[in-house]
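*Asks:* Here is my input; please provide its structure:
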Amino acid sequence: MTQRQARFRPGHWLATLLILAATATPLLAHTPAQGAPALVPADVSAALRRTADRYRQLQQQWRPLSGEMPLAPGDRGERVTQLRHLLELYGDYKGTPGPLPEWVADRQRFDSALQRAVENYQMRHGLAVTGVAGPATLAALAVPPKERARRLELNASRWDKLSLPADGRYVLVNVPDYRLQLIDKGRVALSMKIVVGKTSSRTPELKSRITNVVFNPTWTVPRNILLTELLPKARNNPEAMHKRGYRVINYRGGDIAPISDASIARAAEGGATLRQLSGPDNALGKVKFVIPNNQAIFLHDTLAHSQFAMQERAFSHGCVRLEKPEELAYALLNSQGWDRTRIAQTATGNETLNVRVDKPPRLFITYLTAWVDNEGRPQFRRDIYHLDTP
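*Replies:* As a prediction, the model looks like this:
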C-alpha cells in the first residue's frame, strides 16, 4: 500500500460516498419537462447531420463488446473495461466524479460511475433504465457507429420534411418514441405516453386536426377487427358480448339488433357490423378525439392502463391510446369554459357528448427514430416498423 493509500482510511468512505452523490451528473429526463422548448425541425436535422459525421469518425475507435452475458454493478473483468470504453466513446461515461484518489478508479470494476453511464445510455436509446447492461442494452451497443450514422442521416431527411408550425398550438405524435406532445407557442405544454399500432396494424403517418372531443363514445367496429377478433367471440359467447355493450348495427337503415345467430351471420356477410355502446366497458374508454382521416384513426382513452408501464407499447389496431386523455381534453377545451371538474364529471356515465374544439390544433403523427434533444444528446428509438432498413 502506498503512503497515499494509507492515508485513505476506511472511515473516510462515508465522506467519499457523499462526494460522489454531490458531484454526480444528474440523469437526463426521459421526456421533455413541461415548459421546455419544442424541437425545431431545421435545427434538429442540422444537428443530426453533425452527429452523423461524429459517429462516422468514432467507427475507427469502436470495438464490439465481447461475450453475451449481462454486466451489472459489482462485476469485474475485461468486459467491464470494454463497456467503459464504449460509453466513453459515446459520451455517456464522464469518469469517476469528485476529487477521489487515482487508485480508487478501477476500470475493470463496474462502479457507480459506470452504472450512471449505462443509465444515461439506456435513456438515450429508449430502453428500460436499470443500470444493468442486459440483452437489450448489449444489442444496442452492438450496433456499429457507422450504422448509427446512417440512421441519423435518414432521420435528418425525415425532420427536413416535417413542417411544424412556428407558433400557435399543435400536437406531435412520434410513434417509435411512444409519446404525444402538445406544443403551445414553441413550448411543451403537455407530454404523455401512448400506445401505438402493432406491426400487423401500424399507426400511419398523417397530418390532420383535432376537431372534436367525444365524451363517453360509442365504438363502431372496423371490418378487419370484426372478422378476425369479435365475430368469433360473439359466436362463442353472445351473452358476454351483449353484457359488454355490443350490438349489431345494420348498414341499411342503421337499426340496432341484439346479438343472435341471424344478426351475426348478417354481419359476417357484410350487411352489418358491431357497435359497442358507451359505458365503462367501452374499448375507447371515456374520451375520444376526432381527427378527420381516411384510415379510421382516433386518439382515445383505453381500458388497458397497465400497458403504459411497459417500455415497448405497440399493441393497438392502429389508433393511438392515451395515458392522460382527460388532461388533453382540458388543454383543448379550457378556453371554452371547461375546467378539470367539468371534464371529469362529463366523462362519468353513459351519455355521449360531442364537443367541437374552437380553433382545432393541427396534428402530426410522425415516425422518427432519432433526434438530438435540447441538451445536444443524440436520441435513438427502436425501429418498430422496420422503416429504417435499407
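*Asks:* Quick check, Ile76 in contact with Phe110.
*Replies:* Small correction: residue 76 is Arg, not Ile. Yes: the criterion here is C-beta atoms under 8 Å, and Arg76 meets it with Phe110 at 7.1 Å. Just so you know, the C-beta spots here come from the backbone N, C-alpha and C atoms, and that holds for glycine as well.
*Asks:* So between the two, which is more surrounded?
*Replies:* Phe110 (24 against 13; other C-beta atoms under 10 Å).
*Asks:* so what's that one up against?
*Replies:* Phe110 makes contacts with 71-76, 80, 83, as judged by C-beta atoms under 8 Å, 6 or more residues apart in numbering.
*Asks:* Just the strands from the stretch 101-250 of the chain, written as ranges.
*Replies:* 169-174, 179-184, 187-197, 206-209, 212-215, 219-220, 246-250 (DSSP state E, counting those that start in this stretch).
*Asks:* Between those, which one is closest to His305.
*Replies:* strand 187-197 (9.8 Å; C-beta to C-beta).
*Asks:* Now the closest one: buried residues?
*Replies:* Residues of strand 187-197 classed as buried: 188, 190-197 (neighbour count, 16 or more other C-beta atoms under 10 Å).
*Asks:* Which strands or helices does it pack on?
*Replies:* Contacts defined by 3 or more C-beta pairs under 8 Å, 6 or more residues apart in numbering; DSSP states H and E place strand 187-197 against strand 179-184, strand 314-316, strand 320-322, helix 325-333.
*Asks:* do you know which of these lies nearest Pro204?
*Replies:* Closest approach to Pro204 among those (C-beta to C-beta): strand 320-322, 10.5 Å.
*Asks:* which of the buried residues of strand 187-197 sit farthest apart?
*Replies:* Between any two of these (C-beta to C-beta), the greatest distance is 24.1 Å, for Val188 and Gly197.
*Asks:* Now the terminal residues of stretch 295-303, how far apart.
*Replies:* Using C-alpha to C-alpha, to the nearest Å, the end-to-end distance of stretch 295-303 comes to 22 Å.
*Asks:* so how far is that stretch from its chain's centroid?
*Replies:* With C-alpha atoms, centre = their mean, to the nearest Å as the basis, stretch 295-303 stands 16 Å off its chain's centre.
*Asks:* before we move on, what about stretch 324-331?
*Replies:* Worked out by C-alpha atoms, centre = their mean, stretch 324-331 lies 17 Å from the chain centre.
*Asks:* Tell me where the model's unsure across the stretch 1-150 of the chain.
*Replies:* Low-confidence segments of the stretch 1-150 of the chain (pLDDT under 70): 1-32, 97-105.
*Asks:* What segments of it are helices?
*Replies:* 3-7, 13-23, 41-58, 78-90, 112-124, 135-141, 145-160 (DSSP state H, counting those that start in this stretch).
*Asks:* Which parts of the protein belong to which domain?
*Replies:* 3-30+63-143, 163-218+281-367, 219-276 (automatic domain parsing).
*Asks:* didn't Leu89 look like it was pressed against Gln59?
*Replies:* No: between Leu89 and Gln59 there is no contact under C-beta under 8 Å: 10.0 Å.
*Asks:* circling back: who wins for neighbours among the contacts of Phe110?
*Replies:* Of all the contacts of Phe110, the highest neighbour tally under other C-beta under 10 Å goes to Leu83, namely 25 neighbours.
*Asks:* and that residue, what is it in contact with?
*Replies:* The contact partners of Leu83, taken as C-beta under 8 Å, 6+ apart, are 65, 71, 110, 114, 118, 133, 141.
*Asks:* Out of those, flag the one nearest to Arg342.
*Replies:* The nearest member of the contacts of Leu83 to Arg342, counting by C-beta to C-beta, is Val118 at 45.8 Å.
*Asks:* thought that closest one was touching Ala128?
*Replies:* No: taking contacts as C-beta under 8 Å, Val118 lies outside contact range of Ala128: 11.3 Å.
*Asks:* Buried deepest among the helices and strands packed on strand 187-197, which one?
*Replies:* Of all the helices and strands packed on strand 187-197, strand 320-322 has the most neighbours on average by mean count of other C-beta atoms under 10 Å, namely a mean of 25.
*Asks:* and that one, what does it pack onto?
*Replies:* Contact here means 3+ C-beta pairs under 8 Å, 6+ apart; on that basis strand 320-322 packs against strand 187-197, strand 299-300.
*Asks:* and those as a markdown table, adding distance to Pro232?
*Replies:* Formatted as a markdown table, these follow (distance: least, C-beta to C-beta, whole Å):
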| stretch | distance to Pro232 |
| --- | --- |
| strand 187-197 | 21 |
| strand 299-300 | 24 |
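*Asks:* Tabulate those in CSV, adding columns for distance to Leu363 and mean pLDDT.
*Replies:* Below are those laid out as CSV (distance: least, C-beta to C-beta, whole Å; pLDDT from 0 to 100):
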stretch, distance to Leu363, mean pLDDT
strand 187-197, 13, 97
strand 299-300, 8, 98
